[in-house]
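Engineer: what follows is a predicted protein model with its sequence.
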Amino acid sequence: MEKLIRAFDAFLEAERGLSPNTRSAYRSDLLQFAAYCETDTGIDDASSVDLIHIRGFLADLFERISPASLERKVSALRSFFRFLVKRGIVENNPALGVDLPKKDRRAPEIFTVDEIFRLLDGAFGEDALGRRDRAIWELLYACGVRVSELVGLSPEDVSFEREEIRVLGKGNKERIVPVGDKARKALSDYLPFREELLSAHPKWACPEALFLNYRGGRLTRRGVERVIDQTMLRIGAGRKIGPHVIRHTFATHLLDGGADLRTIQELLGHRSLSTTQKYTHVSLDHLMAVYDKAHPRAAGKRNDGTG
């Protein structure tokens, strides 16, 4: 089965154009399933797998992983066996009989407008890394890009004249995202210092990358997460966030400002509008909180059931 998983991974890269992170997750899920089949059922042949085996695998994980992770494993198995059916390796897709678990549809965490402005206007260093960190924060909030898209940017992807950046998203799909004044200023301030990072360690230098680490190499996803962690510590925010919170904040603030969902979908690079619609719940929650706080006749009305 491992040989077939390698073939499936090559298919995902060459024909589906999935990102390395997605392919790695699918590969890990499928190898875990293959190990379960061999260890717990004695099966190492994909054609012998049936619905009972898949349900047993998922039941074994049910108490130990989140519904979202369980859903991804089901998706990986469905895609894998669909691939095998199309190539005549198996007759049917046993994973189609599995019901997807319901995920907890909690509203994404976001910053308020005051919080994000206070954070962006806070103290960043005036050295190369400080200028870089400010540019990272400003660009994440101005454009709502994923971290993988941010670290994949090159200087050529930035157009100050057209006030936009070119982003390579999931499935190698390219999109253009406008960049606001503050983010353009932060990028402009960072670029001369970027040259310092490139020249500091020529052996590690990566001139193709827009955002660099202290040795001049391409900044990684983990590096961006560390920048965010350090900034939150420096301002004494008292909480730990991931880069996705800034992306959620970008989308929610656009929606609050009157942008329509289709526009936000394009800016975020979502394939489906249903993915973008989760931000309407965030915006509604924000609206109701403002109403409860501001309207003189709102206090206690909805909470006690009399309103």
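Structural biologist: Great, that's in hand.
Engineer: only C-alpha atoms for contact and neighbour calcs from this point on.
Structural biologist: OK.
Engineer: check which helices and strands the host helix or strand of residue 116 sits against.
Structural biologist: Assessed by DSSP states H and E, residue 116 sits inside helix 113-120. Where contact means 3 or more C-alpha pairs under 8 Å, 6 or more residues apart in numbering; DSSP states H and E, helix 113-120 is packed against helix 128-143.
Engineer: can you list the buried residues in the next helix-or-strand element following the helix it packs on?
Structural biologist: As assigned by DSSP H and E, the chain's next helix or strand after helix 128-143 is helix 147-151. Residues 147, 148, 150, 151 are the ones in helix 147-151 that count as buried (16 or more other C-alpha atoms under 10 Å).
Engineer: which helices and strands does helix 147-151 pack with?
Structural biologist: If you count contacts as 3+ C-alpha pairs under 8 Å, 6+ apart, helix 147-151 packs onto strand 164-168, helix 221-234.
Engineer: what's the average pLDDT for that helix?
Structural biologist: Helix 147-151 comes out with an average pLDDT of 93.
Engineer: now what about it, what contacts it?
Structural biologist: 140, 167-169, 209-211, 218-221, 224, 243-244 (C-alpha atoms under 8 Å, 6 or more residues apart in numbering).
Engineer: from the residues you listed, which is closest to residue 175?
Structural biologist: residue 167 (5.4 Å; C-alpha to C-alpha).
Engineer: what sits against the closest one?
Structural biologist: By C-alpha under 8 Å, 6+ apart, the neighbours of residue 167 are 145, 149, 150, 153, 157, 174, 175, 176, 177.
Engineer: who's it bridged to?
Structural biologist: Counting by DSSP bridges, residue 167 is bridged to residue 175.
Engineer: what distance do you get for residue 142 to residue 183?
Structural biologist: 6 Å (C-alpha to C-alpha, to the nearest Å).
Engineer: meant to ask about residue 145, not that
Structural biologist: According to C-alpha to C-alpha, residue 145 and residue 183 sit 13 Å apart.
Engineer: before we move on, back to that, distance to residue 193 and pLDDT for the contacts of helix 147-151 - can I get that in CSV?
Structural biologist: Compiled in CSV, those are given as follows (distance: C-alpha to C-alpha, whole Å; pLDDT from 0 to 100):
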residue, distance to residue 193, pLDDT
140, 19, 95
167, 23, 93
168, 25, 91
169, 27, 86
209, 14, 95
210, 11, 96
211, 11, 96
218, 15, 94
219, 15, 94
220, 19, 93
221, 21, 91
224, 18, 94
243, 24, 86
244, 27, 89
